[in-house]
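>>> Sharing a model that was predicted from the sequence below.
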Amino acid sequence: MPGGGFCKLPGGSVVVAIGLPDPAGGGRTVRVLVHAANRARALTRLRNLGLRAVYLRGNTEPPTPDEITAVLHHPDGLLWRTHEPLAQELWHPIRALLHPARGA
């Protein structure tokens with residue numbers, strides 16, 4: 001499974017990037033970005049959404065500057081996309097991962 005990592009921002013908050021298996025199945029992995037006050041709160045935000053087995057071990061794949069910009073400009077501060085993005089795949093809000101459109 002892909003790794004994850006974090007980056008501490010000048011204001012003291014952090015951006016955490018973590019690779020997870022797709023909760024909807026399908027065998028793909030997704031990269032989730034979370035902006036929070038600290039690493040523990042970032043992981044708690046994910047666990048509160050139902051992603052119970054979320055752990056950050058090490059800092060093997062910290063968020064890139066583009067990923068940090070994306071999550072900081074999103075109102076929820078919580079985004080995802082496939083780990084190996086398709087051509088020009090944009091970031092999606094977390095609700096699109098946890099509650100995919102019915103009938104799609």
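Perfect, thanks for sending it.
>>> For the residue most central in space within the chain, list the residues it contacts.
For the chain, the residue sitting closest to the mean C-alpha position, by C-alpha atoms, centre = their mean, is residue 32 at 1.4 Å. Residue 32 makes contacts with 17-20, 46, 78-80, 94, 97, as judged by C-beta atoms under 8 Å, 6 or more residues apart in numbering. (Each C-beta comes from the backbone N, C-alpha and C, glycine too.)
>>> can you map out the strands along the protein?
4-8, 14-21, 29-36, 78-82, 92-93 (DSSP state E).
>>> lowest-confidence stretch among those?
The stretch with the lowest mean pLDDT among the strands of the chain is strand 92-93, at a mean of 85.
>>> Need the residues that contact the helix or strand bottoming out on mean pLDDT in the chain.
Across the helices and strands of the chain, mean confidence by mean pLDDT, DSSP states H and E is lowest for helix 94-98: a mean of 76. Outside helix 94-98, the residues that touch it by C-beta under 8 Å, 6+ apart are 22-24, 30, 32, 49-50, 76, 78-80.
>>> want to try CSV for those, with distance to residue 5 as columns?
CSV is the format used below for these (distance: C-beta to C-beta, whole Å):
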residue, distance to residue 5
22, 20
23, 21
24, 24
30, 15
32, 12
49, 20
50, 23
76, 21
78, 17
79, 16
80, 16
